[in-house]
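K.L.:
Please work out how this folds:
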Amino acid sequence: MSHPAAVAAAAAAALAVLFAGCQSSAYHHRQADRIAADIIAQKQKQALGRAEPFTIERPEDTLRRRLMEAQALPATGPESLGTSKLQKPRGWPEKSAAKAPEAPSQPPLPPGPLKLSLFDALQVAASNSREYQSQKEDLFRSALDLDLRRNDFRSIFYTRADATVMTDLYNGSPDSALDSSTSTDWSRVFANGASITVGLAADFVKLLTGSHHSSSGVVADASVSIPLLRGAGKRIVTEPLTQAERSVVYAIYTFERYKGTFAVRVASDYLGVLQTLDTIKNAEENYRSLVTSARRARRLADAGRLPEIQVDQARQDELRARNRWIVALENYKKSLDSFKLTLGLPADAQIELDPEELDRLAAAAKSTMGDIDRIEKEDAPDAPAAGDDSPELVAGAAPPPADAGAPVTLQEPSREGAGPYEIDERQATELALANRLDLRTTLARLYDAQRRVLVAADALKSGLTLVAGGAFGGSRSPSSAALPDAELLPERGAYDVRVVADLPWNRTSQRNAYRKSLVDLERAERDLQQAEDQVKLDIRNDLRNLLTARESIKIQLVAVSVARRRVNSVELFLQAGRAEIRDLLDAQESLVSAQDSLTANLVDYRVATLALQRDMGLLETDEKGLWREYAPEKFKENP
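P.N.:
Have a look, this model is predicted:
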């Protein structure tokens, strides 16, 4: 290579080094996000048949931050509002990072408390929950791990340049020289285990004193390594890459399963808070009623129509009712604060939930379980006597005949009035086995364990590697500055081919690793069996919970009707002097207990329908945290 050519090669290499080193941290930030997003989208299509937007970047203007600022909530400092509020140390690399994404549409902040519907809560949780964000970041990390494994099989370039000015004073007169060099290496590992490395180095030396000689050198070299026994073959060489590919799929399965589980938990907690709110309403009505009863008892006692002991009983129940009301108020506040943390919001934020969700549950129960008005009407006192073929009272029909000698027939719960999700157990189990993502992961891990057996068996082999290499050209230094410029002449190069054998006699470590891999395979098989049996148990329990909640709703509807009628009757009897105040107090207690139980059963039934869909793997949740319920008509068996 001529002197100008060597200088040009050195300059080009130096520019490449400078270009690679001048990429900003923000550039690499964006590159990592883009690559991870592409990998996740690709694996989502492979694993789920669909892809949805994915990012771990959170908007600066989160609902939590807006609430803290708008409601002037106390905080440890500005750091609590997000990393954008941190004091940046000198040299912080993210000064030119891309702007954070805009916040998804959220309800505007009113002057007072923020009212959230159930679907608002699901979206708020998906964008603000710290636990939800950590799950997303786990998936993101697995995608970056895969990219790193893929990089093992990409072409890798490495360039290095240096320049040195040397001065020698040992001889009494200064001898100075300029010595510069640039080298570029290219390497790649192939799926069969072969690896190739090619290098090109150029150097230039010039004496700055004395003869002022200068010379350039250039050297090219290459080597090839091919394993023939241990470590050979695509299946063995690419196993780390294969496992990384599978790990991203597992992470997607895990995240999808988590999204469904988290949505059900948010819905359950939301309805649970409303249940405590409804308990307050029932406790308040009961408290007002008992205050009225205590006043009535006082008037009757003053008129000489009621013993003083019954006035004390009324007063005691009034005090108990007040205590129940206060406890209900505090339980509601506690459950609401706990729910705020689930959403990722401050516990002291002013939040309200929509109590109409319970009304919608009751309406859904009416449409699902038949005519509830008919149940209450048939339970009326003037209902005709039931025949022998009529269902029992627990099914919501009229009371049985008053004949004490009539046989008592106990009916087990039937499918009459069953909801659309109360399907055949076998059908539900088959749907779950086909759709549960965590079960797919467990099955895939069984095959991972099987592949690891192959890798462990390969490690027992002897090592035999074919290595070939060659180099031509020449380098220059101050001592050879007077020589002509070096040239790349392959016919004057040096080449070698050799076979390297690794024949260790001790195989204790490899032997034990192989045996452990077989044990791990058996363990993975047992894990699959355990997971399959657990899925079946989940489905059976979900269906039982649905049936229990449905029957309990019917029972409590009748219980509320009976309790309300009992309160009205006892009040009339008390005024007529045919009942005691204790009877009214007991009737009122039964009414509030039945009302609380009815609300709890409505919530239980709704949560059970969501849990069944989740455990069958059919409750899809999008990137906003909203679920898509499985259409009930799809459960119907094909004719």
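K.L.:
Going by neighbour count, list what's buried in stretch 548-559.
P.N.:
By neighbour count on 16 or more other Cβ atoms under 10 Å, the buried set for stretch 548-559 is 549-559. Yep, even glycine has a C-beta here, placed from its N, CA and C like the rest.
K.L.:
Restricted to strands, list those residues.
P.N.:
Among these, no member is found in strands (DSSP state E).
K.L.:
Show the average pLDDT along the helix or strand where Glu352 lies.
P.N.:
Assessed by DSSP states H and E, Glu352 sits inside strand 351-353. For strand 351-353, the mean pLDDT works out to 93.
K.L.:
Show residues contacting it.
P.N.:
113-116, 121, 270, 273-274, 277, 336, 339-340, 345 (Cβ atoms under 8 Å, 6 or more residues apart in numbering).
K.L.:
Go again with 10 Å.
P.N.:
67, 71, 110, 112-118, 120-121, 124, 270-271, 273-274, 277, 336-337, 339-340, 343, 345 (Cβ atoms under 10 Å, 6 or more residues apart in numbering).
K.L.:
mind listing what it pairs with, with the direction of each?
P.N.:
The sheet places strand 351-353 alongside strand 114-116 (parallel), with pairing taken from DSSP bridges.
K.L.:
Tell me the helix or strand right after the partner strand.
P.N.:
By DSSP H and E, the next helix or strand past strand 114-116 is helix 118-128.
K.L.:
Is the closest residue to Leu518 other than its chain neighbours within a helix or a strand, and which one?
P.N.:
Nearest residue to Leu518, sequence neighbours excluded (Cβ to Cβ, 6 or more residues apart in numbering): Val453, at 6.1 Å. Applying DSSP H and E as the criterion places Val453 in helix 437-458.
K.L.:
Name the next helix or strand following that helix along the chain.
P.N.:
strand 463-474.
K.L.:
Pull out the buried positions in that following strand.
P.N.:
Applying 16+ other Cβ under 10 Å to strand 463-474 flags 463-465, 471-474 as buried.
K.L.:
Which one of these is nearest to Leu584?
P.N.:
Nearest to Leu584 among the buried residues of strand 463-474, counting by Cβ to Cβ, is Gly463 at 92.3 Å.
K.L.:
related to what we said a few turns ago, can you point out the buried residues in the strand holding Glu352?
P.N.:
Here strand 351-353 shows 351, 353 as buried, counting by 16+ other Cβ under 10 Å.
K.L.:
and after that strand, which helix or strand comes next?
P.N.:
helix 356-369.
K.L.:
Pull that following helix out as PDB, backbone CA atoms only.
P.N.:
Taking C-alpha atoms only, helix 356-369 is exported to PDB below (Å, rounded to 0.1, in the frame of the first residue of the first chain):
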ATOM      1  CA  GLU A 356     -74.400   3.200  40.300                       C
ATOM      2  CA  GLU A 357     -72.100   0.200  39.500                       C
ATOM      3  CA  LEU A 358     -74.000  -1.800  42.200                       C
ATOM      4  CA  ASP A 359     -77.300  -0.800  40.600                       C
ATOM      5  CA  ARG A 360     -76.000  -2.100  37.300                       C
ATOM      6  CA  LEU A 361     -75.000  -5.300  39.000                       C
ATOM      7  CA  ALA A 362     -78.600  -5.700  40.300                       C
ATOM      8  CA  ALA A 363     -80.000  -5.000  36.900                       C
ATOM      9  CA  ALA A 364     -77.700  -7.600  35.300                       C
ATOM     10  CA  ALA A 365     -78.800 -10.100  38.000                       C
ATOM     11  CA  LYS A 366     -82.400  -9.500  37.000                       C
ATOM     12  CA  SER A 367     -81.700 -10.100  33.300                       C
ATOM     13  CA  THR A 368     -79.500 -13.100  34.100                       C
ATOM     14  CA  MET A 369     -81.400 -15.000  36.700                       C
END
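K.L.:
Give me the contacts around it.
P.N.:
Counting by Cβ under 10 Å, 6+ apart, 117-119, 121, 267, 270-271, 273-275, 277-278, 281, 354, 372-373, 375, 396, 416-422, 549-551, 553-554, 557, 598-599, 601-603, 605-606, 609, 632 sit against helix 356-369.
K.L.:
Now with 6 Å, please.
P.N.:
With Cβ atoms under 6 Å, 6 or more residues apart in numbering as the contact definition, helix 356-369 has outside contacts at 118, 274, 278, 372, 417, 419, 553, 602, 606.
K.L.:
Nearest spatial neighbour of the third one, chain-adjacent residues omitted?
P.N.:
With Cβ to Cβ, 6+ apart as the criterion, Asp278 has its nearest non-adjacent residue at 4.5 Å, and that residue is Thr599.
K.L.:
in the strand or helix carrying that neighbour, what's buried?
P.N.:
Assigned by DSSP H and E, Thr599 belongs to helix 581-615. Neighbour-count burial for helix 581-615 flags 581, 583-585, 587-615 (criterion: 16+ other Cβ under 10 Å).
K.L.:
quick one: low-confidence parts of the chain?
P.N.:
By pLDDT under 70, the low-scoring segments of the chain are 1-23, 95-108, 170-174, 366-406, 408-409, 632-639.
K.L.:
From the chain's centroid, how far away is stretch 531-544?
P.N.:
Put simply, stretch 531-544 sits 22 Å off its chain's centre (Cα atoms, centre = their mean, to the nearest Å).
K.L.:
In that stretch, which residues are buried?
P.N.:
Buried, per 16+ other Cβ under 10 Å, within stretch 531-544: 531-532, 535, 538-539, 542-543.
K.L.:
what's the answer for stretch 227-234, then?
P.N.:
Buried residues in stretch 227-234 (16+ other Cβ under 10 Å): 227-228, 230-233.
K.L.:
Closest one of those to Pro78?
P.N.:
Gly231 (54.5 Å).
K.L.:
The closest one against Gly193, yeah?
P.N.:
Yes. With contact defined as Cβ atoms under 6 Å, Gly231 reaches Gly193; the gap is 5.5 Å.
K.L.:
And Tyr421, how far from Leu118?
P.N.:
Here Tyr421 is placed at a distance of 18 Å from Leu118 (Cβ to Cβ, to the nearest Å).
K.L.:
Please say which of those two ends up with more neighbours.
P.N.:
Tyr421 (23 against 17; other Cβ atoms under 10 Å).
K.L.:
what residues are up against the more buried one?
P.N.:
With Cβ under 6 Å, 6+ apart, Tyr421 has these contacts: 609, 612.
K.L.:
host element of it?
P.N.:
Going by DSSP H and E, Tyr421 is not in any helix or strand.
K.L.:
where exactly do the strands run in the chain?
P.N.:
Under DSSP E, the chain gives strands at 114-116, 156-168, 175-189, 195-207, 214-227, 351-353, 463-474, 494-502, 620-621, 627-628.
K.L.:
Closest one of the contacts of helix 356-369 to Pro490?
P.N.:
Once Cβ to Cβ is applied, the member of the contacts of helix 356-369 that ends up nearest Pro490 is Leu118, at 75.1 Å.
K.L.:
now the helices for the chain?
P.N.:
3-21, 25-48, 63-70, 118-128, 130-151, 234-237, 239-302, 308-343, 356-369, 372-378, 425-435, 437-458, 508-575, 581-615 (DSSP state H).
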